[in-house]
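S.K.: Requesting a structural model of the entry that follows:
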Amino acid sequence: MSRFLNVLRSWLVMVSIVAAGNSLQSFRDHTFLYEKLYTGKPDLVNGLQARTYGIWTLLSSVVRCLCAIDIHNKTLYYITLWTFFLALGHFLSELFVFGTAAPTIGVMAPLTVASISILGMLVGLQHLEAEPGSRQKKRN
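M.R.: Next up, the predicted model:
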């Protein structure tokens, strides 16, 4: 396995752990969301929305961790890549379309992580293709 893929796996584990922490925080106290993320319209944040965000974030965390464990699984790799595209789209839309978020560190951090992760995973695809035996076997 290439050094780049090992770094990418470590990155995915780190991002997964941080996401799991954010998820737990959303379940514990929903004020976390309107104090850090949705500062543009904090009155729209409630417990239900926080728990929904928490479940979505926990699911993303699990998918990213599984990808780090089995980085050669192409289907899982693409699903993981999509989790970052969805996160990027979500935070950009909250920032520029809906106005529920402001450009604070709480929003800029996930935008940065999603962007770096997308770039890293796109580069990682080249490394996966270059590895011998990385192509999945045909099923009979």
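S.K.: Show me which residues of the helix or strand containing Gly54 are buried.
M.R.: Element membership for Gly54, per DSSP states H and E: helix 47-69. Buried residues in helix 47-69, counted by 16 or more other Cβ atoms under 10 Å: 50, 53-54, 56-58, 60-61, 63-68. Placement of C-beta: from N, CA and C, glycine included.
S.K.: any idea of the mean pLDDT in stretch 32-48?
M.R.: For stretch 32-48, mean pLDDT is 92.
S.K.: before we move on, what about stretch 63-78?
M.R.: Here stretch 63-78 scores 97 as its mean pLDDT.
S.K.: One more: stretch 103-116?
M.R.: 96.
S.K.: May I have the helix holding Gly54 exported as PDB, CA atoms only?
M.R.: Only the C-alpha atoms of helix 47-69 are listed here, as PDB (Å, rounded to 0.1, in the frame of the first residue of the first chain):
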ATOM      1  CA  GLY A  47     -33.500  19.300  20.000                       C
ATOM      2  CA  LEU A  48     -35.000  17.400  17.100                       C
ATOM      3  CA  GLN A  49     -32.800  19.200  14.600                       C
ATOM      4  CA  ALA A  50     -29.800  18.600  16.800                       C
ATOM      5  CA  ARG A  51     -30.500  14.800  17.100                       C
ATOM      6  CA  THR A  52     -31.100  14.600  13.400                       C
ATOM      7  CA  TYR A  53     -27.700  16.300  12.800                       C
ATOM      8  CA  GLY A  54     -26.200  14.000  15.400                       C
ATOM      9  CA  ILE A  55     -27.400  10.800  13.600                       C
ATOM     10  CA  TRP A  56     -26.300  12.100  10.200                       C
ATOM     11  CA  THR A  57     -22.900  13.000  11.600                       C
ATOM     12  CA  LEU A  58     -22.600   9.600  13.400                       C
ATOM     13  CA  LEU A  59     -23.500   7.800  10.100                       C
ATOM     14  CA  SER A  60     -20.800   9.800   8.300                       C
ATOM     15  CA  SER A  61     -18.300   8.900  11.000                       C
ATOM     16  CA  VAL A  62     -19.000   5.200  10.800                       C
ATOM     17  CA  VAL A  63     -18.800   5.200   7.000                       C
ATOM     18  CA  ARG A  64     -15.500   7.100   7.100                       C
ATOM     19  CA  CYS A  65     -14.000   4.700   9.700                       C
ATOM     20  CA  LEU A  66     -15.000   1.700   7.700                       C
ATOM     21  CA  CYS A  67     -13.400   3.100   4.600                       C
ATOM     22  CA  ALA A  68     -10.200   3.700   6.600                       C
ATOM     23  CA  ILE A  69     -10.300   0.000   7.600                       C
END
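S.K.: This completes my enquiry, with thanks.
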